[in-house]
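# Model the structure of this input:
(one chain, ligands or ions: 2)
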Amino acid sequence: MSTPSSSAANGSAALHTTARPRSGHWTPPRLASAASSRLVPPPCRASSGSPTPSPRRRPTDHAAVKLDQGAAAPSVPVIDVGGTDHGAVVAAVRRAAEEWGAFLVTGHGVPQEVTSATLRAARAFHDADGGEGSEKARLFSREPGKSVWYNTNFDFYDSPVANWRDSLYINMDPNPPDPAELPENCRDVFFDYGKHLKRLQETLFGLLSEALGLNQSYLSDIGYNQGQMVYCHYYPPCPQPELAIGMVPHSDWGFLTILLQNEVDGLQVLHNEEWVNVVPIPGAFIVNLGDLLQMLSDDRFKSCEHRVLATSVGPRVSIGSYPTRWFNQDLWPHQGATVP
Ligand SMILES: O=C(O)CCC(=O)C(=O)O
Ligand SMILES: [Fe+2]
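Ligands and ions are numbered 1, 2, ... in the order given. The predicted model follows:
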């Protein structure tokens, strides 16, 4: 059984694992380790101060990697999911899922005004002050399981290397938060974004079902497309990037994560044992397949290992959305999944 890593990459704990899933019966992870609740909040915002080295904070190999890989580096596949040749789109998804476990999506139908407004709102929330009486102070928590929460340096006291990142989490579905719980500038924008992302998720589940040789509605019919968590990460410019990391290497627990990001580099995926930059394409989404899809496909599709480097430029803003239905049920590899 895969167990949640205590050094999970993300403040939403237990959503990520560095372990590969094994085929066979799997028990859903539990939310929220209580251990984190004893921590006292450090100063708001990762950007305050610098990642001063200490015996607990050693630079590691992941911090030493450069973003500049040159033109010859392989690149993450880009798939126009609105393409008219449906068979070709399914084949491209199958290839990307098998070889990379990640791909960029264009032609997705989410309006550019929606993606821009969402990135703008997320950035404005994070750019704002975190002092007493602020939205950040109201939402700060190290206890995942709330509808909306914010944290900074979530594993500040445990991690061997500083995670140079602040994050806002919103549990959108099945129990959407009261709009008043969200930061004021994010309310309408995020509910609208969540709806668009649900539709894109549905499209991707259809393509992935077909890519597995299953009926197009298979993954949605069995309910894997339900539930939705949206998070907004903010990676401020880091004065000493060689001493920090944006997000440690990990794979995502769930079926898939759909990521929107601004124009700042930093995300890398592991491909053939090499870290490859995901070069941002304005308006495109990045799709990372997760451990459960790897397991469901009997290891045919890859759960993609990825990480985010800390950089001296920024801020980098990314917004992820993923289905959460799998928290509540036992899952096993689908015997009928046959990749043609
Ligand atoms: O910020 C990113 O691009 C990646 C975020 C991520 O991998 C995660 O939240 O699991
Ligand atoms: Fe991730």
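# Just the closest residue of this structure to ligand 1, please.
Ser318 (3.3 Å; Cβ to the nearest ligand atom). Any C-beta I mention is one placed from the backbone N, CA and C, and that applies to glycine too.
# Tell me who's in contact with the closest residue to that residue other than its chain neighbours.
The shortest distance from Ser318 to any residue other than its chain neighbours is 4.2 Å, reached at Gln261 (Cβ to Cβ, 6 or more residues apart in numbering). In this structure, Gln261 makes contact with Leu119, Leu267, Pro280, Ile286, Arg316, Val317, Ser318, Ile319, judged by Cβ atoms under 8 Å, 6 or more residues apart in numbering.
# and the residue of the chain closest to ligand 1, what element?
Secondary structure from DSSP states H and E places Ser318 in strand 316-322.
# Show me where the chain has its helices.
Counting by DSSP state H, the segments of the chain that form helices are 61-64, 86-99, 112-127, 135-139, 187-211, 218-221, 291-296.
# ok, and which of those has the densest surroundings?
Highest mean neighbour count among the helices of the chain (mean count of other Cβ atoms under 10 Å): helix 291-296, with a mean of 24.
# What's the per-residue pLDDT of Pro236 here?
You'll see Pro236 listed with a pLDDT of 95.
# on that earlier part again, residues near the residue of the chain closest to ligand 1, how many?
Ser318 sits with 25 neighbouring residues when counted by other Cβ atoms under 10 Å.
# isn't it right next to Thr257, touching?
No - using Cβ atoms under 8 Å, Ser318 is not in contact with Thr257, being 10.1 Å away.
# Closest one of the contacts of Gln261 to Leu207?
When the contacts of Gln261 are ranked by distance to Leu207 (Cβ to Cβ), Ile286 comes first, at 15.3 Å.
# tell me the contacts of the closest one?
Ile286 makes contacts with Val76, Ala102, Phe103, Leu104, Val105, Ile258, Leu259, Leu260, Gln261, Leu267, Val278, as judged by Cβ under 8 Å, 6+ apart.
# Also near ligand 1: which of the residues you listed, exactly?
When Cβ under 6 Å from any ligand atom is taken as the criterion, the members of the contacts of Ile286 that contact ligand 1 are Leu259, Gln261, Leu267.
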